[in-house]
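# give me coordinates for this.
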Amino acid sequence: MKRNVGTLGMLFLSLTLSSAAHAQDAGSDEFGDAELFGDGEAGGFGFDEAPPAATSSEIELGLAAFERGDFAEASLIFYGVYESEDWGSGLHQRAQFELGRTLARMDLLQAALLFFEEIIDEGESHPHFVESAPWMVVMARQLPGDEEMLGRVARFEDVFPDRLPEEFRDEMAYMLGEHFHRTNDLERAILYMEQVGPTSPLHPRALYLGALSHIRNYDAAPAVALLEQLQAMAAGARGEQLERLGNLPALVDLTLGRLFYSTGEYDRAVRQYSTIRQGHQYWLDSLFESSWAYLQLDQYNRALGNLHSLNSPFFNDEYYPEAPVLQAVIFFYNCQFDRVRETLDEFNYVYVPLREELELTLFGFIDGLDAYEFLQDASVRQDRSRTFDARLQQIVDATLSDRGLMQAISFIEQLDREVQYVETAQRNWATSPLGSYLNTQLIEIRTLKKGEAGERALERLNTILSDLRQFEGDMTAILVETNLAEAGALSSAVAQELASTASAGSEAPRVHREQMYWTFDGEYWRDELGYYSYNIRSRCSADE
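Got it, this is the predicted structure:
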């Protein structure tokens with residue numbers, strides 16, 4: 001019987017096709033993207049083609065300096081031409097392009113973007129627009145924390161594929177697919193992911209992101225086909241090939257489990273979750289989420305067994321505030337109202353003070369920049385002005401571990417390096433008009449990006465706070481229904497559900513031939529985690 005916890009006046013975890021495409025954590029990162037997409041392949045600029053265009057003696061001097069590796073001198077020469085020539089003239093545009101690629105060679109990527117963006121804004125009328133496309137692809141690879149990069153790459157969509165060097169086509173197809181996935185243009189996202197060649201290192205990622213696009217498009221069948229293709233690929237991978245897949249195989253298993261849950265195939269969901277091995281990054285997620293599937297299958301023993309594993313001292317640093325809600329629901333369905341109240345008391349003891357502490361913390365933030373400085377200030381852990389709850393520190397750490405936020409911080413660190421380069425460069429370069437211009441621009445951009453990163457962190461923390469408030473409301477609703485049940489005043493719908501639980505019973509623990517059954521004696525053992533089964537019996541029958 002499918003359990004509808006909504007009849008208890010509370011929100012039941014509903015993993016729909018839409019929510020299966022999003023991360024379970026409070027940061028609401030695109031599900032999976034935060035783990036897989038962004039860094040791309042390591043490496044520098046694999047091309048060095050200066051297109052034939054307007055030239056002058058100054059341009060020739062700059063090119064000569066560029067060729068001998070004196071990029072600082074080349075950048076000063078090109079900037080001189082850029083400033084002295086009329087806007088839109090051939091020489092101005094040539095200097096603009098050369099300046100962009102020279103600064104990129106100096107690892108001043110954001111500085112280079114200041115000039116490449118001007119080329120992008122001019123579009124195909126700029127004589128070096130097409131030649132700028134590979135540079136955008138490579139810089140997007142090296143600046144995954146700049147959320148605007150994929151949009152810049154997408155401006156070159158008409159260049160793909162015929163006017164783009166072949167070596168960049170797979171990578172640009174992938175970036176275009178990721179851009180359209182993020183902007184919810186799912187058909188185009190799928191189209192571009194299909195153009196990432198099977199020999200490309202990005203091919204597995206493209207299959208996965210294509211599956212996510214199908215899921216968000218409410219089209220389960222092709223999503224399952226792509227995910228199962230990835231499973232077969234992982235099963236046949238060996239050595240370096242398997243290492244390159246990283247967490248993708250387990251992420252595929254987790255995605256399939258969520259997808260099968262969302263389509264009501266709870267047995268398949270449970271089997272899929274069980275493929276994630278103990279100790280893996282996603283194992284605890286699989287334990288928790290499979291508990292909801294066991295609830296739908298009326299297998300309360302297994303659901304509570306998984307929650308028992310989550311409650312072990314090995315995972316004191318983990319954050320699963322919804323687990324007590326599920327536990328209380330199961331006890332309620334089995335009319336073990338004393339255990340419901342115990343679970344409510346435990347929840348209130350742990351999570352109500354945590355919610356209050358988080359509210360106090362968020363109230364102290366003025367803006368995103370303030371939040372960013374808070375997260376970056378290691379001294380917060382030494383703050384003695386008030387008690388800093390250890391679980392709140394877990395939330396802060398989890399916020400900082402969000403891949404999107406980590407990439408944003410990495411981008412800010414790149415800006416720090418560029419500002420430091422400009423400020424510590426040789427005096428003739430640092431105090432030149434180019435150095436002064438870049439210093440002003442980079443400091444301004446860095447301040448802006450810090451604020452944006454802080455706003456992202458604030459959004460994540462506010463989502464966590466909203467969830468905690470919701471779970472408190474759920475627990476209050478369960479308590480109300482518990483009081484009604486004990487008074488014999490339940491609604492007919494809830495009473496029927498409890499009656500069905502009593503008639504269905506709960507599956508007794510099953511022990512395989514190669515296993516032994518041990519009664520829990522209060523001590524956890526690592527090799528037992530994930531194998532617990534809680535021997536619960538319903539008290540809902542009339543004669544009990």
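# can you show me the helices along the stretch 151-300 of the chain?
169-182, 186-193, 203-216, 220-236, 239-245, 248-262, 266-273, 283-296, 300-310 (DSSP state H, counting those that start in this stretch).
# want to throw these into JSON lines with mean neighbour count and distance to residue 60?
Every C-beta, even on glycine, is put in place using the N, C-alpha and C of the backbone. Shown next, in JSON lines, are the helices of the stretch 151-300 of the chain (neighbours: other C-beta atoms under 10 Å; distance: least, C-beta to C-beta, whole Å):
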{"stretch": "helix 169-182", "mean neighbour count": "23", "distance to residue 60": "32"}
{"stretch": "helix 186-193", "mean neighbour count": "20", "distance to residue 60": "40"}
{"stretch": "helix 203-216", "mean neighbour count": "24", "distance to residue 60": "43"}
{"stretch": "helix 220-236", "mean neighbour count": "16", "distance to residue 60": "51"}
{"stretch": "helix 239-245", "mean neighbour count": "11", "distance to residue 60": "44"}
{"stretch": "helix 248-262", "mean neighbour count": "24", "distance to residue 60": "49"}
{"stretch": "helix 266-273", "mean neighbour count": "21", "distance to residue 60": "63"}
{"stretch": "helix 283-296", "mean neighbour count": "23", "distance to residue 60": "60"}
{"stretch": "helix 300-310", "mean neighbour count": "23", "distance to residue 60": "68"}
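# need those in CSV with mean pLDDT and distance to residue 361, can you?
Listed next are the helices of the stretch 151-300 of the chain as CSV, based on pLDDT from 0 to 100; distance: least, C-beta to C-beta, whole Å:
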stretch, mean pLDDT, distance to residue 361
helix 169-182, 96, 30
helix 186-193, 97, 37
helix 203-216, 96, 33
helix 220-236, 94, 39
helix 239-245, 85, 38
helix 248-262, 94, 30
helix 266-273, 94, 34
helix 283-296, 90, 25
helix 300-310, 83, 25
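# can you list those helices in TSV and add distance to residue 95?
What follows is these, written out as TSV (distance: least, C-beta to C-beta, whole Å):
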stretch	distance to residue 95
helix 169-182	26
helix 186-193	33
helix 203-216	37
helix 220-236	46
helix 239-245	41
helix 248-262	44
helix 266-273	57
helix 283-296	53
helix 300-310	61
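# between those helices, which one is closest to residue 454.
Evaluated over the helices of the stretch 151-300 of the chain, closeness to residue 454 peaks at helix 169-182, with 21.0 Å, by C-beta to C-beta.
# now do the closest one: distance to the chain's middle.
Centre-to-centre, helix 169-182 and its host chain are 17 Å apart (C-alpha atoms, centre = their mean, to the nearest Å).
# show me what it is in contact with.
Contacts to helix 169-182, defined as C-beta atoms under 8 Å, 6 or more residues apart in numbering, come from residues 30, 33, 37, 40-41, 133, 137, 140-141, 150-151, 153-154, 156-157, 160-161, 164, 186, 188-193, 195-197, 200, 202-203, 205-206, 209-210, 212-213, 216.
# now the angle between helix 186-193 and that helix, please.
160 degrees (axes from the mean of the first three to the mean of the last three C-alpha atoms, to 10 degrees).
# ok, residue 72 to residue 274 distance?
From residue 72 over to residue 274 the distance is 58 Å, taken as C-beta to C-beta, to the nearest Å.
# cool, residue 85 as well?
67 Å.
# neighbour count winner among these two?
The neighbour comparison of residue 85 against residue 274 (other C-beta atoms under 10 Å) goes to residue 85, with 20 against 14.
# okay, now residue 407: neighbour count?
By other C-beta under 10 Å, neighbour count at residue 407 equals 20.
# pLDDT score assigned to it?
If you check residue 407, the pLDDT there is 85.
# ok, back up a step: could you say which one of the helices of the stretch 151-300 of the chain comes nearest to residue 329?
Between residue 329 and those, the shortest separation by C-beta to C-beta is 7.2 Å, and it involves helix 283-296.
# with just CA atoms, put that closest one into PDB.
Listed next in PDB are the C-alpha coordinates belonging to helix 283-296 (Å, rounded to 0.1, in the frame of the first residue of the first chain):
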ATOM      1  CA  TRP A 283      26.200   5.500   0.800                       C
ATOM      2  CA  LEU A 284      24.400   7.300   3.600                       C
ATOM      3  CA  ASP A 285      22.200   9.100   1.100                       C
ATOM      4  CA  SER A 286      21.200   5.700  -0.300                       C
ATOM      5  CA  LEU A 287      20.500   4.300   3.200                       C
ATOM      6  CA  PHE A 288      18.200   7.200   4.000                       C
ATOM      7  CA  GLU A 289      16.400   7.400   0.700                       C
ATOM      8  CA  SER A 290      15.900   3.600   0.500                       C
ATOM      9  CA  SER A 291      14.200   3.900   3.900                       C
ATOM     10  CA  TRP A 292      11.400   5.900   2.200                       C
ATOM     11  CA  ALA A 293      11.100   3.200  -0.400                       C
ATOM     12  CA  TYR A 294      10.900   0.500   2.400                       C
ATOM     13  CA  LEU A 295       8.100   2.600   4.000                       C
ATOM     14  CA  GLN A 296       6.100   2.500   0.700                       C
END
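# show me what that helix is packed against.
helix 248-262, helix 266-273, helix 300-310, helix 323-333 (3 or more C-beta pairs under 8 Å, 6 or more residues apart in numbering; DSSP states H and E).
# elements contacting the longest one?
With contacts defined as 3+ C-beta pairs under 8 Å, 6+ apart, the packing partners of helix 248-262 are helix 33-36, helix 203-216, helix 220-236, helix 266-273, helix 283-296.
# go through those and name the closest to residue 461.
Among those, helix 33-36 comes nearest to residue 461, with 16.5 Å by C-beta to C-beta.
# immediately after that closest one, which helix or strand?
Using DSSP states H and E, the next helix or strand after helix 33-36 towards the C-terminus is helix 57-67.
# what average pLDDT does that following helix get?
Per-region confidence: helix 57-67 scores 94 on mean pLDDT.
# buried sites along it?
58-59, 61-63, 65-66 (16 or more other C-beta atoms under 10 Å).
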